[in-house]
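Asks: pasting the sequence and the predicted model now:
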Amino acid sequence: MGALAVRDLSVCYDAVPAVSGADLDLEAGRVLAVLGPSGCGKSTLLRAVAGLEPAQGRVTWEGADVSSMPAHRRGFALMFQDGQLFPQLSVARNVGYPLRIRRTPRVEVAGRVAGLLDLVGLAGFGERLPSTLSGGERQRVALARALAASPRLLLLDEPLSALDAGLRQRLAEDLRRILVEAGTTAVMVTHDHEEAFAVADDLAVMRAGRIVQAGPIADVWRRPADPETALFLGYARVLEGPAAAELLAAAGLPAAPALAVRRSALTVADDGPLHGEVTDVRTTPGQLRLVVRTGAGELDAVAALDRRAAPGDVVRLRVDLTRTAVLPSPHRS
């Protein structure tokens, strides 16, 4: 059992389950991403852990049951996707707000605020108002405020979803650095698997109110629990039966019921053991993306930009096992 343990947590609205029997464990100092599509119940789960939703089941912190405690006594901090800054307060006063309501001495507040603004890359921004900041800067202020009172657990509700794609990617990397440097134990919910991979140590995949798989992020990535999870994590296709067996045989491995493959699992190579006919070619800045027809059917493949490939060409293909995952059961629609 880790610092945070969630057992059989369930939330219902008008007898309709939003979260069903959720179990989670998180070690101190690690970051867990709860990943799932919109409407799967992940934000409801986060709010239940925070104590903001009535729930059945148990939430414990370092072995102590906090399930019956009100939110303000759990020692957890919740950061929302829109930051919810006080527009009339300066950046410094926003960050220092949790400390002031605890009647922390003014000198300590000033020192803590300065340190946090430096941590989030906003040193010198203390006197500015939120309205003068960019979206990414406002989220950094919200993060600094959430960290101000040194919460036992930081809960992040889609913290980057309101930002554009390029800024979201950069801020995800910064968020990871900030959490690691602060030594913060955190749970983040997101629908973006790239964001989850950039920030988290551990991953819990949620679907239709249930956690379908949880564990270290590399383990979940390499061994998805089922075809639906594999596809959600970004695998392009799930092959079954003879199609899966053909690719595994080309890689020198025994047959399996199902195989998830990334778009780049097949690479054009002169020594490739598999043959395929090119049916489509698209040029991207980094590589050629092909669709090839093999005995397994139509599959995705990639080739270097200096390769010549056109529809109708027969190419040799090599299987990159790091871009595949053997699944325990075949796909069922």
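Replies: Good, I have the coordinates. Just so it is clear, the model here is predicted, and its values are computed rather than measured. Residues are numbered from 1 along each chain as shown.
Asks: if we go by neighbour counts, what in stretch 293-302 is buried?
Replies: Thr294, Ala296, Leu299, Asp300, Ala301, Val302 (16 or more other C-beta atoms under 10 Å). Glycine gets a C-beta too; all of them are placed from N, C-alpha and C.
Asks: quick check, nearest of those residues to Ala256?
Replies: Distance to Ala256 across the buried residues of stretch 293-302 (C-beta to C-beta) is lowest for Ala296, with 13.2 Å.
Asks: mind listing the helices for the stretch 101-250 of the chain?
Replies: 106-119, 135-148, 165-182, 193-199, 217-222, 227-232, 241-250 (DSSP state H, counting those that start in this stretch).
Asks: which neighbouring elements make contact with the last one?
Replies: The reference is to helix 241-250. strand 258-261, strand 274-283, strand 314-319 (3 or more C-beta pairs under 8 Å, 6 or more residues apart in numbering; DSSP states H and E).
Asks: and if you look at the longest one?
Replies: Taking 3+ C-beta pairs under 8 Å, 6+ apart as the contact definition, the neighbouring helices and strands of helix 165-182 are helix 106-119, helix 135-148, helix 193-199.
Asks: just the CA coordinates of that helix, formatted as CSV?
Replies: Taking C-alpha atoms only, helix 165-182 is exported to CSV below (Å, rounded to 0.1, in the frame of the first residue of the first chain):
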residue,chain,number,x,y,z
ALA,A,165,-1.3,22.1,-28.4
GLY,A,166,2.2,23.5,-28.7
LEU,A,167,2.0,25.3,-25.3
ARG,A,168,0.5,22.3,-23.7
GLN,A,169,3.4,20.1,-24.7
ARG,A,170,6.0,22.6,-23.4
LEU,A,171,4.1,23.2,-20.2
ALA,A,172,3.7,19.4,-19.6
GLU,A,173,7.5,19.1,-19.6
ASP,A,174,7.8,22.0,-17.2
LEU,A,175,5.0,20.5,-15.0
ARG,A,176,7.0,17.3,-14.7
ARG,A,177,10.1,19.2,-13.7
ILE,A,178,8.3,21.3,-11.1
LEU,A,179,6.6,18.3,-9.5
VAL,A,180,9.9,16.4,-9.3
GLU,A,181,11.9,19.4,-7.9
ALA,A,182,9.2,20.0,-5.3
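Asks: mind checking how far it is from the chain centre?
Replies: Offset of helix 165-182 from its chain centre (C-alpha atoms, centre = their mean, to the nearest Å): 12 Å.
Asks: is it true that Ser264 touches Ala304?
Replies: No: using C-beta atoms under 8 Å as the test, Ser264 is too far from Ala304 to be in contact (11.8 Å).
Asks: neighbour count winner among those two?
Replies: Ser264 (15 against 12; other C-beta atoms under 10 Å).
Asks: for the more buried one, which non-adjacent residue is closest in space?
Replies: The shortest distance from Ser264 to any non-neighbouring residue, by C-beta to C-beta, 6 or more residues apart in numbering, is to Val302 (4.7 Å).
Asks: surely the one you found is in contact with Val292?
Replies: No: look at Val302 against Val292 with C-beta under 8 Å: they stay out of range, at 10.3 Å.
Asks: got the domain boundaries for this protein?
Replies: Domains of the chain are assigned by automatic domain parsing as 4-227, 237-327.
Asks: what would the ones you listed look like in a markdown table with mean pLDDT?
Replies: Formatted as a markdown table, the domains of the chain follow (pLDDT from 0 to 100):
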| stretch | mean pLDDT |
| --- | --- |
| domain 4-227 | 92 |
| domain 237-327 | 92 |
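Asks: closest one to Gly41 among the helices and strands packed on helix 165-182?
Replies: Nearest to Gly41 among the helices and strands packed on helix 165-182 is helix 193-199; the distance by C-beta to C-beta comes to 16.3 Å.
Asks: what helices or strands is that closest one leaning on?
Replies: strand 31-35, helix 165-182, strand 186-190, helix 217-222.
Asks: ok, residues contacting stretch 300-313?
Replies: When contacts are defined by C-beta atoms under 8 Å, 6 or more residues apart in numbering, stretch 300-313 is touched by residues 236-237, 261, 263-268, 276-281, 283, 286-292, 315, 317.
Asks: right, and the helices and strands packed on helix 193-199 - which one's nearest Arg210?
Replies: strand 31-35 (11.7 Å).
Asks: direction included, what does that closest one pair up with?
Replies: strand 186-190 (parallel), strand 202-207 (parallel) (DSSP bridges).
Asks: the longest one: how far from the chain's middle?
Replies: What that stands for is strand 202-207. The gap between where strand 202-207 is centred and where its chain is centred comes out at 8 Å by C-alpha atoms, centre = their mean.
Asks: nearest the middle, which residue of this structure would you pick?
Replies: Ala196 (1.9 Å; C-alpha atoms, centre = their mean).
Asks: who is the closest residue to it other than its chain neighbours paired with across the strands?
Replies: Once flanking residues are discounted, Ala196 sits nearest to Ala33: 3.7 Å by C-beta to C-beta, 6+ apart. For Ala33, the beta-bridge partners are Met188, Leu203 (DSSP bridges).
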